[in-house]
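Q: next come a sequence and a model predicted from it.
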Amino acid sequence: MEPVKFGKGVFKIGKYPDKRLVWDDIKAFLAVLRTGTLSGAAEQMGVGLATLSRRIERLEDALGLPLFVRQHSGYQLTVDGANLLQQAEAMEAAALSLRCGAREQMEIVGTVRLATAENLATGLILPEIGKMLGAYPDLTIEIVTDIATVNLHRRDADLALRMVKPERGNVTLQRLGTLGYGLYGSRDYVIQRRTVSDLSSYDTDAFVGWCETQSHLPAAQWIERILQGRAPVIATTSLATQISAAKAGLGLAVLPHFLARDAELTCVQGDLGIDQAIYLVIQSDLAQTPRIRIVADFLRNLVESHRHRLSGR
């Protein structure tokens, strides 16, 4: 006997290409097999005896095989019917999986609160999050970029994409990638500084620094070491203003590679030794919630697909 072949939208048998299999007929076949009687299967499926009998006959006609031996005591599988049982059950399992997947997608509803750095939100997440929201229209995302005040332990957010590894709290933690940093300036500024004889020294360079409230940042500390007591030409409190200052030719700035390159700035030094790990942090008791899983999977795939851009390599 030739195996069952799967056609587009229907299931065809090579020996009977003009015969089509109907999924309801296969369900009827399995119901009769499991109950042993036509009446029992009809009751289980909620259809009349005549309808169920017609489905069995239509299936046998489509396959060109007798599936049951009709006896007074009930329906008994033929050898051919027994040979097709595994394929029928596989189709049933596939249909159940499809139904469960559709039901789960319908249940992706509610609000997910995501805490992350502003540079990741604006330069990485927001440009691509529309694809996920289009697939789950009942899902609402709140993005909190003031992560200095967000604490997952206090349940200020459901999950976070951040560069600081949490030291406490009932959270799950996964390292997704690396955020690389470099020293950048405008094209005109870099051309001008090439007139300096010693390009390995930054003694005569102007720097865009960070205000005192951001002095804990690795970028701010790197600039402080280089300046050795000199003052930056300007200090700011956000990456957006750092980039604008560098583009205006005010000086060199320490920036994430992916943002600096998007801004068409020129790299002066590519490896500063201050690269940061990117962590996905999730409230442990929410980790298996469908809407949280959807957002977490989106973030994992997003960082993976942009790993070279983020690391700068």
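A: Arrived safely.
Q: show me where pLDDT drops low in the protein?
A: 1-19, 100-106, 147-155, 168-169, 196-199 (pLDDT under 70).
Q: please redo it, this time with the cut-off set to 50
A: 1-18 (pLDDT under 50).
Q: against Thr37, how distant is the residue sitting furthest away from the middle of the chain?
A: Residue farthest from the centre of the chain, counting by Cα atoms, centre = their mean, is His72 at 56.7 Å. From His72 across to Thr37, the span is 11 Å (Cβ to Cβ, to the nearest Å). For every residue, glycine as well, the C-beta is placed using N, CA and C.
Q: got it, and Leu280?
A: 54 Å.
Q: higher neighbour count, those two?
A: Leu280 (21 against 13; other Cβ atoms under 10 Å).
Q: quick one: the more buried one is in a strand?
A: Yes - assessed by DSSP: H, G, I helix; E, B strand; the rest coil, Leu280 belongs to a strand.
Q: hey, where'd the helices end up in the stretch 101-250 of the chain?
A: 118-120, 129-135, 187-193, 218-227, 239-247 (DSSP state H, counting those that start in this stretch).
Q: closest one to Ser311 among these?
A: helix 118-120 (13.5 Å; Cβ to Cβ).
Q: pull out the buried positions in the closest one.
A: Under the neighbour-count criterion of 16 or more other Cβ atoms under 10 Å, helix 118-120 has Asn119, Leu120 buried.
Q: and the contacts of it?
A: Thr145, Leu161, Leu179, Ser238, Leu239, Ala240, Pro256, Leu259, Ile278 (Cβ atoms under 8 Å, 6 or more residues apart in numbering).
Q: can you give me the domain assignment for this structure?
A: 4-105, 110-178+276-308, 181-269 (automatic domain parsing).
Q: which parts of the stretch 1-150 of the chain are strands?
A: Using DSSP state E, counting those that start in this stretch, the strands of the stretch 1-150 of the chain run over 4-6, 11-13, 16-21, 68-71, 74-77, 110-116, 139-144.
Q: identify each buried residue in the longest one, please.
A: So the one you mean is strand 110-116. Val112, Arg113, Leu114, Ala115, Thr116.
Q: list of residues touching that strand?
A: With Cβ under 8 Å, 6+ apart as the criterion, strand 110-116 contacts 125, 138-145, 147, 150, 152, 156-162, 291-292, 295, 299.
Q: list the strands paired with that strand, with their directions.
A: strand 139-144 (parallel), strand 159-162 (parallel) (DSSP bridges).
Q: count the neighbours of Val268 for me.
A: Using other Cβ under 10 Å: Val268 sits among 17 other residues.
Q: contacts for stretch 247-255?
A: 181-186, 188-189, 202, 205-208, 219, 222-223, 232-234, 239, 242-243, 245-246, 260, 263, 265, 268, 272, 274.
Q: weed out the non-buried ones from these.
A: 181-186, 189, 202, 205-208, 219, 222-223, 232, 234, 239, 242-243, 245-246, 260, 263, 265, 268, 272.
Q: now the closest residue to Asp262 other than its chain neighbours: how far from Leu59?
A: Closest residue to Asp262 apart from its sequence neighbours, by Cβ to Cβ, 6 or more residues apart in numbering: Gly123 at 6.5 Å. Distance of Gly123 to Leu59, computed by Cβ to Cβ: 57 Å.
Q: comparing those two, which shows the higher neighbour count?
A: Leu59 (23 against 19).
Q: that one reaches Ile26, doesn't it?
A: Yes - using Cβ atoms under 8 Å, Leu59 is in contact with Ile26, at 6.7 Å.
Q: so what touches stretch 302-313?
A: Against stretch 302-313 from outside (Cβ under 8 Å, 6+ apart): 124-125, 128, 161, 176-182, 256-258, 261, 270, 275, 278, 280.
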